[in-house]
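In: need a structure here:
(one chain, ligands or ions: 1)
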Amino acid sequence: MRLHAITVRKGDAQALRELLGELRLIDGKHRPASAPFAISFPLSREPDMGETLHLKKRFPKLEFSIAAFEPYLSRPKSLKDALRGKLTETETKNLVTSFDTLGDIAIIEIPKELSKKEKAIANALLESNPRIKTVCKKASARKGKYRAQKLTIIAGKRKKIAEYRESNCLFKFHVEKSFFSPRLGTERLRISKLIKKDEVVAVLFAGVGPFAIVFAKNSKMKKAYAVELNPNAAKDMEQNIKLNKVEGRVIPFLGDVREVVPAKLKGKCDRVVMPLPKDAHHFLEDAFMCLNPLRGGVIHFYTFVPRENMYREALSTIRGAASKHGCSIRVLRKRKVRSYSPDTVQVVVDFSAKRAKAN
Ligand code: SAH
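Out: Alright, predicted model coming up:
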């Protein structure tokens, strides 16, 4: 749109903006236009004689003109909105619009066909979500024992330390070196509500500490032992224990569940949480071993299963392991935690277990 305009040197921009504001001359609906050394402000009307003299006296080198200005755009409401006109129809279809945020870091999956547009997508994400300051893309699947994944920063601030809040807790961790899933937040709080006063809990596969620390802050448990194999995750967990002031109630162990449980946790716990989705069945024996031999206890077992008939496999694994290790079990609850892929879901089975004979 063509409007009356005033152009000054960039060094005078701030002072002129203030004066135009005082004179109620600035047009707030259009964006000032910037050139290498000068800036032009759009005016809401033509200045009168007195205003013109006043302005010229303050800024002898200013120039009046009529110029075209772009309107301020309102912030796009969604990623798709921000990308309107920048992607073809097929590209828009391929766009994955769900992403995880860990504090102000967003983690997005860029399908191969869209890799040339990744910068535009990341910028659109920054534009449509003012709380996001860094956009990373998944550069590898989660792999190895540590379930870590490679991430590449594609836009925004170059940082990989997340500060993430959940259920009155704050977690700081390196997004690439440790596993963390914000999607398990509901589970953490759900279990917190089941924990009774003075319970002793074992969190096997503790990561940077979210299960144990959420329990400490949201239940009346006595303490939680948190076992983690990845030294980077364990280091972040120690820091998170301090950050949340739960020292003494969350006791971290760096090491393999296989070794830590028999050495330190045998018979000490009332509840065992096993958030290792892929191979937790290999560790059921260790979970049984943690439980108090007289009272038994409750186990929360997470696993990935086919969407069809989702509990059959999980239950037969649990029953098989229980009979092998001389335990009697009772299923308390089972629930779908989240979809993992079109045909795989993550489920959790809560069951009580007690050793039928001493071993
Ligand atoms: N409970 C955490 C992390 C789950 S991922 C959370 O929800 O954020 C599984 C974690 O188990 C990883 O951090 C991995 O390093 C750890 N891990 C894998 N095998 C292990 C083992 N044998 N003993 C102890 N920790 C193990």
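
In: which residues are in contact with Ser78?
Out: With contacts defined as C-beta atoms under 8 Å, 6 or more residues apart in numbering, Ser78 is in contact with 97, 128. All C-beta atoms are positioned from the backbone trio N, CA, C, and that covers glycine.

In: for it, what are phi and psi?
Out: phi -150, psi 170 (degrees, to the nearest 10).

In: got it, and the one 3 residues further on?
Out: Geometry field for Asp81 lists phi and psi as phi -60, psi -50, criterion degrees, to the nearest 10.

In: run a quick neighbour tally on it.
Out: 12 (other C-beta atoms under 10 Å).

In: leaving out chain neighbours, which residue sits closest to it?
Out: Ser128 (6.4 Å; C-beta to C-beta, 6 or more residues apart in numbering).

In: what helix or strand is the closest residue to the ligand within the stretch 1-150 of the chain on?
Out: The stretch 1-150 of the chain approaches the ligand most closely through Tyr146 (3.9 Å), counting by C-beta to the nearest ligand atom. Under DSSP states H and E, no helix or strand contains Tyr146.

In: cool, Ala353 as well?
Out: Assigned by DSSP H and E, Ala353 falls in strand 344-355.

In: let me see the confidence value for the residue nearest to Asp81.
Out: Model confidence at Ser128, given as pLDDT, is 88.

In: so where's the longest helix in the chain?
Out: helix 310-324 (DSSP state H).

In: strand 344-355 and that helix, what's the angle between them?
Out: 30 degrees (axes from the mean of the first three to the mean of the last three C-alpha atoms, to 10 degrees).

In: report the buried residues of helix 310-324.
Out: Under the neighbour-count criterion of 16 or more other C-beta atoms under 10 Å, helix 310-324 has 310-311, 314-315, 317-318, 321-322 buried.

In: residue in the chain nearest to the ligand?
Out: Gly207 (2.7 Å).

In: which residues touch that residue?
Out: 178-180, 228, 230, 233, 237, 275.

In: same for the ligand: which of those residues are within range?
Out: 179-180, 228, 230, 233, 275 (C-beta under 6 Å from any ligand atom).

In: got a markdown table for those residues, with distance to Phe41, pLDDT and secondary structure too?
Out: Below are these laid out as a markdown table (distance: C-beta to C-beta, whole Å; pLDDT from 0 to 100; DSSP: H, G, I helix; E, B strand; the rest coil):
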| residue | distance to Phe41 | pLDDT | secondary structure |
| --- | --- | --- | --- |
| Phe179 | 51 | 92 | coil |
| Phe180 | 47 | 93 | coil |
| Glu228 | 57 | 98 | strand |
| Asn230 | 55 | 97 | coil |
| Ala233 | 53 | 97 | helix |
| Pro275 | 57 | 94 | coil |
